[in-house]
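Enquirer: Compute the structure for the input listed below.
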Amino acid sequence: MEYIDRIELNPRVCNGKPIIKGTRIPIAVILGQIAEGESWDAILMGYPELKREDIQAALLYARISLDHTEVRAVGTRTT
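Expert: Below is the predicted model:
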């Protein structure tokens, strides 16, 4: 199974937000905990149904999402 196959988008689960397949754990929750400095081991202890590959899948999903997004600095004018 490829990492990205661990991600599920289903409009009937968590309002269609991307989650780890087979759970109701949103990718945003995992990314938020990593951003706050939480270790992978702490995340895995807090969500025993997760595997390391799920965290890797969440990071890969975020990277792929950013690759398809245009980002502009706040307060910057385009002319």
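Enquirer: And the strands in the protein, which stretches?
Expert: With DSSP state E, the ranges of strands along the chain come out as 7-8, 19-20.
Enquirer: what residues does the last one touch?
Expert: By C-beta atoms under 8 Å, 6 or more residues apart in numbering, the surrounding residues in contact with strand 19-20 are 6-10, 13, 25-27, 30, 50, 54, 57-58. Just so you know, the C-beta spots here come from the backbone N, C-alpha and C atoms, and that holds for glycine as well.
Enquirer: Show me the shaky parts of the chain.
Expert: The chain contains residues with pLDDT under 70 at 1, 71, 76-79.
Enquirer: Now with 90, please.
Expert: Scanning the chain for pLDDT under 90 picks out 1-4, 65-79.
Enquirer: how close does the residue nearest the centre of it sit to Tyr3?
Expert: By C-alpha atoms, centre = their mean, the chain has its centre lying nearest to Ile27, at 2.9 Å. Noted for Ile27: a distance of 12 Å to Tyr3, by C-beta to C-beta, to the nearest Å.
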